[in-house]
Structures are given as structure tokens and as C-alpha cells.
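How does the following fold in three dimensions:
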Amino acid sequence: MLDDLVSVIETLKQRIRTHGATLRANEIRTRVALIDPLLVALGWDVSDPVLVTPEYAVGEGRADYALHGSESIPAAMVEAKRLGHALSDDERMQMLNYANARGVRYAAVTDGDVWEFYEVFKQAPLEDRRQLSLRIANTPAHELALQLLLLWRPNLASGQPVTASEPILGMQSRPPTSVPLPEAPPENPVGYPPPEKPVPHTVEVEWRPLSEYNPPVGTNPPSAMRFPDGTTVEVVNWKQITMLTAEWLHEQRLLTADNLPVLSGHRGFAANSEPVHRNGSPMVTYESIGTGGVFINVHLSAKASRENAKKLLQHCVINPATVQLQVGQ
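Below is the predicted model of the structure:
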């Protein structure tokens, strides 16, 4: 089952990359494309009313999902937002208040990419009640699968969910098929020279400042980016260098609709409050971030993506040298 969960996560990553703009426009699309499939993979069949109640009534409000365990009280509630929605602490507390009103011990909030999971009754500040905080788009799938076992139905329905650092009982990957091994040949058959020992292949990996990294055309993209606050995200392709930078700046509330546009070259914008360039021509390929009003040009070569990322950082008074790229040689 763990293999299936990893496969679903990889699909969600691809949907976020490919259909992000569409999903950011609508909560229902986000739920159908991103949230429902993950809940199903974790054992919560959203089509089964025994397991999941959509639009669960709480006083005058509603929780998007109630996840039912073996007891009459739900094991957890889940609040869904459209992809890219910047969640506020007031919205987090509203979800926890809904859960508290119904005696539900756990609550989660998600935009299909970011997932946060809280212990409702714990007497502590909000951040100390958070048991899980992850982002699907920029975290390796196997790492995500282990973290998400916290929401696996048998674990969560137990009433005492535990955080998994390795697959817990019942969730191991499929065992390998038993195949008899052939008999090993003699180490040094008579008449033959000793076999040469293979030379191990090693790849050196290092962190390089964005401001100084200018590899030859055709170089593979870096495997990760690290921002000044220590946030480290996975990189899949070159155009993500610009997009990940913009998303981090937006999360820091440095890149907003109020401080746009960001120039790129003589006629273009790296970011604008609408998907058009300086001369009024539309951006060929773009992504929107946040709640709207911030559009990022991603119709870029590898070099242009790095340059636009630097322009975004400089526009927000962040030294590009403080952003690191993990590269292999």
C-alpha cells in the first residue's frame, strides 16, 4: 500500500505542475483533482458515507470533510481551500473551533498542496498544536508518504495516531517476489585472470549561490533550492527556479500585487498583476500564485529562469547570493 501511496503522490505532483493555474481558480477542482485522491489513498474513500461525510454541519458552519473512525464522533475534520490559498491563522482557528464544538480530537487544513494537521484539545499555542506540516509539490514522494501515514485510516481512527519515521505495521511496501538465485561461479576459474574490481561511480553534490551559478547550455537543473530561512524545496525543471522563488517570496509577504510589476529585459515582466508584458502582449505561459493578482512569467529558457529569479529577489531586497542551488558534478 505504501507503493500505491507514493504513486498517488507522484500523480498529484504532476497535476500541480501541469494544471496549477486551473486548480488555483476553484476549490471544487482542487478537491476533485488533489484532495479526494489523497484521502482515498490513505484509506478514506470519499464516496463511502460510512467513512467520510462531505459538508459536515457544525452549528451554522460546515467542515468540508468529516473522517469517521469506529466511534460516533469523527476521528478528524478536514477543511479544504483552493490550491494556492494563503491560509490565515483565523481560518486555522475556525477549523479547530468547528472540531472542538463537535468533540473531534484532530483537524486538518489543506489547499491540496500544503497539508497541516492539528491536535484540537491540546492546551498550547497554535504552532505547538500542529503535528504535521508538509508541501506536496516540493518534497520527495517517499518522504511525503511516511509523513502522511499520520492520516492513514487505521492510524487516525485509532484515536492515538502516531507519527511514522518508517512504515508502520500493515503499510510496508510489497515484498519482493521470491526468485531462486543461480549458483555463484567460482571466484577465479582455472585459466582465467582475476576479475577486475569495478570502480564505484560517485557524484559530487554541492550548494552553489544562485548569483554565481551559470552552467553551460544543456546542464541538468539543480536537484533542490535552499532559501535564506532554511526552506529547502525539490527542483524538477529549470523553469521552477523562477516559480519556486516567486512562491517563497509570496509566502514571506514580500512579493504581492501591491509591489508589481517586476521588469525582465526591455519589453517583458518577470511578474505582473495581470498576465501581460510591458507592451500589452500576453504572457505565453504563466502561473498565478496566492489569492490572485500575482502572475509569474514561466515561458523561459534555463538561463532566463535563473535571471528572472534573481530579478524577483532583488526587487524584494533579497540578495540572490543567499539562495543556494544543489548541483551535481
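
Glu55 contacts Arg62, doesn't it?
Yes - assessed by C-beta atoms under 8 Å, Glu55 is found in contact with Arg62 at 4.9 Å. Just so you know, the C-beta spots here come from the backbone N, C-alpha and C atoms, and that holds for glycine as well.

Please say which of the two ends up with more neighbours.
Comparing Glu55 with Arg62 by other C-beta atoms under 10 Å, the one with more neighbours is Arg62, at 14 against 9.

so what's the more buried one scoring on pLDDT?
Looking at Arg62, its pLDDT stands at 89.

ok, now Pro189?
At Pro189, the model reports a pLDDT of 48.

low-confidence ranges in this structure?
Along the chain, segments meeting pLDDT under 70 span 1, 164-205, 292, 329.

so what are the domain limits for it?
Here the domain parsing of the chain from automatic domain parsing is 2-157, 205-328.

so can I have TSV of those domains showing distance to Thr163?
Listed next are the domains of the chain as TSV, based on distance: least, C-beta to C-beta, whole Å:
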stretch	distance to Thr163
domain 2-157	6
domain 205-328	20
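
which residues in the stretch 101-250 of the chain form strands?
For the stretch 101-250 of the chain, the strands defined by DSSP state E, counting those that start in this stretch occupy 106-110, 114-119, 130-135, 205-209, 224-226, 232-234.

Could you single out the most deeply buried of those strands?
Most buried of the strands of the stretch 101-250 of the chain, by mean neighbour count (mean count of other C-beta atoms under 10 Å): strand 106-110, with a mean of 25.

Could you list the paired strands of that strand along with their orientation?
Paired strands of strand 106-110, with direction, are strand 76-80 (parallel), strand 114-119 (antiparallel) (DSSP bridges).

The last one vs strand 130-135, what angle?
Our comparison of strand 114-119 with strand 130-135, counting by axes from the mean of the first three to the mean of the last three C-alpha atoms, to 10 degrees, yields an angle of 180 degrees.

circling back to that earlier point, looking at the strands paired with strand 106-110, spot the one closest to Arg17.
Closest approach to Arg17 among these (C-beta to C-beta): strand 114-119, 15.3 Å.

List the residues that contact the closest residue in space to Tyr56 that isn't next to it in sequence.
Closest residue to Tyr56 apart from its sequence neighbours, by C-beta to C-beta, 6 or more residues apart in numbering: Ala66 at 3.7 Å. Shown in contact with Ala66 (C-beta atoms under 8 Å, 6 or more residues apart in numbering): 52-53, 56, 74, 76-78, 104.

What of Arg92?
So Arg92 contacts 109, 116, 118, 126 (C-beta under 8 Å, 6+ apart).

The nearest residue to Trp248 once chain neighbours are set aside and Pro209: what is the separation?
In this structure, Trp248 finds its nearest non-sequential neighbour in Phe227, 5.0 Å apart by C-beta to C-beta, 6+ apart. Phe227 is 12 Å from Pro209, where distance means C-beta to C-beta, to the nearest Å.

Which neighbours do these two have in common?
Among the neighbours of Phe227, those also in contact with Pro209 (C-beta under 8 Å, 6+ apart) are 322-323.

now for the longest helix seen in the chain, which elements pack on it?
In the chain, with assignment by DSSP state H, the single longest helix is helix 2-23. Using 3 or more C-beta pairs under 8 Å, 6 or more residues apart in numbering; DSSP states H and E, the elements in contact with helix 2-23 are helix 27-30, helix 36-41, helix 141-148, strand 286-288.

could those be laid out in a markdown table, adding mean neighbour count?
Formatted as a markdown table, the helices and strands packed on helix 2-23 follow (neighbours: other C-beta atoms under 10 Å):
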| stretch | mean neighbour count |
| --- | --- |
| helix 27-30 | 18 |
| helix 36-41 | 20 |
| helix 141-148 | 18 |
| strand 286-288 | 19 |
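
This protein: helices as residue ranges?
2-23, 27-30, 36-41, 89-101, 126-129, 141-148, 153-157, 240-251, 302-315.

Most tightly packed of the ones you listed?
Comparing these by mean neighbour count (mean count of other C-beta under 10 Å), helix 240-251 comes out on top with a mean of 24.
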